[in-house]
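Q: please work out how this folds:
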Amino acid sequence: MIDIVIADDHKVVRAGLEQLIATFEGVRLVGSGGDGEQAVALCTERRPAVALIDLEMPVVDGIEATRQIVEASPETNVVVFTSFSDRDRILRAFDAGAIGYLLKDCDPETLERGIRAAARGLAPIDPKAAAEVLAERAAASPSGDLSDREREVLILVGSGLANKQIARALGISEKTVKGHLTRVFQAIGVQDRTQAALWAERNGLLPRT
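A: Numbering: from 1, shown residues only. Okay, here's the model as predicted:
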């Protein structure tokens, strides 16, 4: 069973999330708050596997709440769930300790996959957020011989997505994804997607967790 806490200051959004999460098999909502302070208190008390946290909240915002949750409940993996996809907020969220970053316009299946991935310690990242992270870190990354698309595929592999999910997220065919992965494996000197994910993490392509 995956225990989860959610925090969003919009009551309608929060109620919708509560109803949606109730349909996810093996996922149990153990707390729901309307601001960052409540989120921290709930996570500290109930120690969920995952916390789904909005960014713009009263009392304590999502960035500071993430920082406090990570410190108070290290076993809780924080996934930011927001409408904002600008680079500054994304990087600040990851620097605060978030493991993932999903946007509110995602479909229910993406949210469910993200929750399950975070519970396993993977990093669910919306493709828009992934692109911003890549743009920030590409210059300093040893993967400079990869194209932008290849780096994007690599970071999504590192986030735990299967080829079909990557194809859907990027709007390309699964065959194209496989072609990019073949090139990525050759360029970074690995044999499979597990090794590629570890390489991406070690070389700074994935968010710090």
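Q: the lowest-mean-pLDDT helix or strand in the chain: what's the following helix or strand?
A: In the chain, no helix or strand scores lower on mean pLDDT, DSSP states H and E than helix 127-137, which sits at a mean of 72. Of the helices and strands lying after helix 127-137 in sequence (DSSP states H and E), the nearest is helix 148-158.
Q: helix or strand next in line after that next one, which one?
A: Next element after helix 148-158 (DSSP H and E): helix 163-170.
Q: got a list of contacts for that following helix?
A: 113, 127, 149, 152-153, 156-157, 161, 173-174, 176-178, 181 (CB atoms under 8 Å, 6 or more residues apart in numbering). Every residue, glycine included, has its C-beta placed from N, CA and C.
Q: from I172, how far off is the residue nearest the centre of the chain?
A: Computing the C-alpha centroid of the chain and ranking residues by CA atoms, centre = their mean puts G100 first, at 2.0 Å. In this view, G100 and I172 are 22 Å apart by CB to CB, to the nearest Å.
Q: tell me which other helices or strands the longest helix seen in the chain touches.
A: Counting residues, the longest helix found in the chain (DSSP state H) is helix 174-188. Under the contact criterion of 3 or more CB pairs under 8 Å, 6 or more residues apart in numbering; DSSP states H and E, helix 174-188 touches helix 148-158, helix 163-170, helix 193-202.
Q: what about 6 Å?
A: helix 148-158, helix 163-170 (3 or more CB pairs under 6 Å, 6 or more residues apart in numbering; DSSP states H and E).
Q: need the contact list for the residue nearest to the centre of the chain.
A: 79, 114, 118, 123-125 (CB atoms under 6 Å, 6 or more residues apart in numbering).
Q: among these, who's most crowded?
A: I125 (32 neighbours; other CB atoms under 10 Å).
Q: quick check: phi and psi at D107.
A: phi -80, psi 160 (degrees, to the nearest 10).
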